[in-house]
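Need coordinates for the following:
(one chain, ligands or ions: 1)
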Amino acid sequence: MKISLIGCGYVGLVTGSCLAELGNKVICVDNDSKKIARIKQGKIPIYEPGLEELILNNVKKKRLRFTSSIQEGVKYSEIIFIAVGTPPLENGEADLTGIENVARHIALNLSGYRLIVEKSTVPVETGEWVKKTISTYNKHKAEFDVASNPEFLREGSAIEDFMHPDRIVIGVESKRARDLLVNLYKPLNAPLVITNIRSAELIKHASNAFLATKISFINAIAYICDKVGADVEEVARGMGLDKRIGQSNLSAGVGYGGSCFPKDLDAFIAISERIGYNFDLLKAVRNINEEQKHFILKKVRDFLWVVKDKTIAVLGLSFKPDTDDIRNAPSIDIIKELLHEGVKIKAYDPQAMNKAKEVLDKAAFCKDPYEACKGADCLLVITEWNEFKELDFKKVKHLLKRPLIIDGRNIYEPKSMKEKGFTYVGIGRGRH
Ligand code: NAD
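You can find the predicted model right below:
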């Protein structure tokens with residue numbers, strides 16, 4: 001099939017290259033012409049495991065190409081996915097400027113039937129607006145359908161998530177649209193949830209809100225564990241083995257971040273308010289998540305006493321492992337606050353340092369975890385990259401000024417760290 005993807009970010013690039021890998025002819029469009037020029041030179045603007053090879057391979061096989069002309073994208077394909085960003089406005093609502101702009105430009109270039117698919121995360125009823133917008137600017141009165149096909153991939157495992165999804169949600173209003181999307185996704189052999197557009201839009205918001213709720217729930221439990229001397233890792237395992245609860249998203253830590261959970265939660269709260277529902281539950285989820293950053297800062301102060309002029313080695317800057325994405329990363333707020341309090345930061349991250357340098361000009365960036373630890377008063381882990389789990393702790397202990405580890409993601413075992421001679425502070429792991 002011929003497919004166009006509008007928006008070459010995390011979702012657009014992954015979706016476009018995976019659909020090409022499945023044998024489709026794909027054109028990816030972005031209005032950032034510099035980005036497109038770089039991609040055409042083989043320079044992939046984001047880090048996502050396996051993505052670069054997938055893109056280069058499919059370009060070579062002539063199944064994937066890139067353009068900054070939306071007109072070309074609309075002319076080329078019967079199915080057009082909209083995967084542009086939907087960032088938050090100041091009041092928490094989603095900024096749908098990009099969606100409106102793309103819908104309008106699709107309409108202005110429509111000449112024959114096209115299926116326009118919302119891939120971006122959007123508030124319920126956006127599909128209606130996309131339909132109205134296209135009808136308004138559709139000067140040749142071309143036939144079209146709108147569908148919702150929300151994306152559930154996780155950065156860091158996005159290709160695997162796309163190729164092996166738990167389910168594919170398809171919100172449609174015509175048989176033609178349904179058949180096109182069902183055929184497109186047939187090779188993935190995944191369970192399909194076929195519903196109307198509004199339900200599909202709500203499935204995405206409700207899913208992200210529920211996952212964020214699980215994280216804040218376990219973080220609240222972690223707080224109690226710290227107070228009473230229980231271990232949240234064992235509590236979470238004991239809970240998660242119950243199939244009704246499940247293990248996923250039950251990791252206590254410095255809180256969720258990224259470009260999705262915080263913004264999608266805000267947008268869901270805002271849209272609920274607009275239709276007259278006060279979503280107190282989600283407001284509490286958001287508050288607990290904010291509190292986690294203060295929780296870790298308090299631990300730092302509790303152990304270092306006066307933090308001014310101390311040096312802290314920070315491991316992990318991306319909002320989660322295996323990505324270079326620092327949007328809403330807890331690391332940024334935590335480091336900014338420490339810098340503000342006069343702490344010297346020596347940071348290391350396997351992929352996110354270039355992006356972090358743009359927002360943390362007063363931090364020092366190191367070539368590896370050991371350089372970060374050299375002469376530091378404390379080691380603070382913020383993102384659970386695998387390479388941090390296997391450090392040479394003899395070396396770390398020798399390099400640190402004092403053997404103090406504050407583990408914001410519970411990646412180490414308290415007992416083993418104690419045996420290695422460290423003072424170990426986790427999240428919700430009792431007193432050590
Ligand atoms: P992103 O910011 O990485 O990429 C968006 C791209 O769209 C950018 O390259 C931008 O230049 C381009 N763009 C913006 N306006 C445009 C326009 N008018 N015409 C053409 N291109 C335009 O965003 P992302 O992380 O890929 O997210 C895209 C959407 O998917 C968002 O709604 C997000 O909530 C949702 N989503 C993201 C993830 C994720 O993990 N990143 C997962 C599921 C859903």
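
all helices for the stretch 51-200 of the chain, in order.
Secondary structure of the stretch 51-200 of the chain (DSSP state H, counting those that start in this stretch): helices at 51-60, 70-76, 97-108, 126-137, 158-163, 175-185, 197-228.

Could you export those helices to a markdown table, including columns for mean neighbour count and distance to the ligand?
(C-beta placed from N, C-alpha, C; glycine too.) Shown next, in a markdown table, are the helices of the stretch 51-200 of the chain (neighbours: other CB atoms under 10 Å; distance: least, CB to the nearest ligand atom, whole Å):
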| stretch | mean neighbour count | distance to the ligand |
| --- | --- | --- |
| helix 51-60 | 17 | 12 |
| helix 70-76 | 19 | 6 |
| helix 97-108 | 20 | 4 |
| helix 126-137 | 18 | 10 |
| helix 158-163 | 18 | 7 |
| helix 175-185 | 16 | 16 |
| helix 197-228 | 20 | 7 |
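
Pipe the ones you listed into a markdown table and attach mean pLDDT and distance to Arg327 per row.
Output for those, formatted as a markdown table (pLDDT from 0 to 100; distance: least, CB to CB, whole Å):
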| stretch | mean pLDDT | distance to Arg327 |
| --- | --- | --- |
| helix 51-60 | 97 | 17 |
| helix 70-76 | 95 | 25 |
| helix 97-108 | 97 | 15 |
| helix 126-137 | 97 | 21 |
| helix 158-163 | 98 | 15 |
| helix 175-185 | 98 | 28 |
| helix 197-228 | 97 | 15 |
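
who wins for proximity to Asn91 among the ones you listed?
helix 97-108 (14.4 Å; CB to CB).

so how far is the closest one off the chain centroid?
25 Å (CA atoms, centre = their mean, to the nearest Å).

who touches that helix?
For helix 97-108, contacts defined as CB atoms under 8 Å, 6 or more residues apart in numbering pick out 6-7, 70-71, 74, 80, 82, 84-86, 114, 116, 118, 120, 122, 126, 129-130, 133-139.

which SS state does the closest residue to Asp231 other than its chain neighbours fall under?
Nearest non-adjacent residue to Asp231, counting by CB to CB, 6 or more residues apart in numbering: Arg429, 5.2 Å away. Following DSSP: H, G, I helix; E, B strand; the rest coil, the label given to Arg429 is coil.

For Arg429, give me its contacts.
Counted by CB under 8 Å, 6+ apart, Arg429 has contacts 225-226, 231-233, 410, 414.

need these in TSV with secondary structure, can you?
Formatted as TSV, those follow (three-state DSSP):
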residue	secondary structure
Cys225	helix
Asp226	helix
Asp231	coil
Val232	helix
Glu233	helix
Asn410	coil
Pro414	helix
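
burial count for the residue of the chain found nearest the ligand?
Residue nearest to the ligand within the chain: Gly9 (1.8 Å; CB to the nearest ligand atom). For Gly9, the neighbour count with other CB atoms under 10 Å is 18.

Test my guess that it contacts Gly85.
Yes: Gly9 is within contact range of Gly85, at 6.2 Å (criterion: CB atoms under 8 Å).

Show me whatever sits in contact with both of the two.
Contacts common to Gly9 and Gly85, judged by CB under 8 Å, 6+ apart, are absent.

Are we agreed that Ile312 is in a helix?
No: counting by three-state DSSP, Ile312 is not part of a helix but strand.

How about Lys131, nearest residue that isn't a chain neighbour?
Val146 (4.9 Å).
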